[in-house]
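Undergrad: quick one, structure for this:
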Amino acid sequence: MTDIFKFIFEHDLRLDQLKERKLDRSTQETSGSIEDFMMPDPTYSKFYISGTVLPNEEFGINRIQKFDEFLRLFESALGQYNCFYESDKLTLTEAVEKAEIGEAIILTKKDQNNWDVEELRVDKDSNVGHKKDYLAEVLQRDDLVLYKEHAHHGFDLHLFSKHNIYNLFFEPFKKLLSEEFRFFSINGKRIRSERKFYFETWSLNNPPHGAEEVFEYTVI
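TA: Residues are numbered from 1 along each chain as shown. Just a heads-up that it's a prediction; the model follows:
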């Protein structure tokens, strides 16, 4: 069997797109200052981590054979952050084990979690990136938010960050490479259809534009 590891990134996403848009123009905040006009829109990055086991097509990052090793490397890469599930300070591995689908895991450099995790919770059928004012507020304070998201046979992981922290993960994840583990770094802005997302089921050796296989010699 072969693990297909998909590390999907999107950068320079507008933070205000996480917020619910107001249709009543009288309630919108407006500013006519030249300083506000020239100020760049705040942005954020998100990382979706998914896995597939071939040839039996088991979908979910927790289904891959190297899941435990991946999780150890993921935790190490984020070692500068403290991890909180609800009010409990845990290791990232413990938090991933305990959290339910749609519950938020907070990663912060502070010594405690000051966020209301209920405000960050999403139900199983919702897209976490839609109309989440509170998520935008958390990211603006430089904390990270990690979700477990439902996959066909388990779960995937979805990480939100104000900053582009791709470099924290690239080299550590390369350590997983082997004949039974193939790593694809994927620009999520180019993989918009379900067919492209599951390219490993129909075009593994000729992935769509935006999906690049990573080898030991690959550099950023």
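Undergrad: burial count for the residue nearest to F67 when sequence neighbours are not counted?
TA: Using C-beta to C-beta, 6 or more residues apart in numbering and skipping residues adjacent in sequence, the residue nearest F67 is I61, 6.6 Å away. C-beta: built from backbone N, CA, C; applies to glycine. Other residues within reach of I61, judged by other C-beta atoms under 10 Å, total 25.
Undergrad: tell me how far I61 lies from K109.
TA: From I61 over to K109 the distance is 25 Å, taken as C-beta to C-beta, to the nearest Å.
Undergrad: in which helix or strand would I find F70?
TA: Element membership for F70, per DSSP states H and E: helix 67-77.
Undergrad: what sits up against that helix?
TA: Residues from elsewhere that reach helix 67-77 (C-beta atoms under 8 Å, 6 or more residues apart in numbering): 5, 49, 51, 61, 64, 83, 91-93, 96, 157, 168-169, 172-173, 175-176.
Undergrad: stretch 90-108 too?
TA: Residues external to stretch 90-108 that are found in contact with it (C-beta under 8 Å, 6+ apart): 71-72, 74-75, 78, 81-85, 113, 115, 117, 120-124, 126, 128, 138, 143-150, 155, 157.
Undergrad: and for stretch 182-194?
TA: Stretch 182-194 is contacted from outside by 2-10, 46, 48, 170, 173-174, 176-177, 196-197, 199-200, 204, 207-214, using C-beta under 8 Å, 6+ apart.
Undergrad: now, of those residues, which are buried?
TA: In the contacts of stretch 182-194, burial by neighbour count holds for 2-10, 46, 48, 170, 173-174, 176-177, 196-197, 199-200, 207, 210-211, 214, counting by 16 or more other C-beta atoms under 10 Å.
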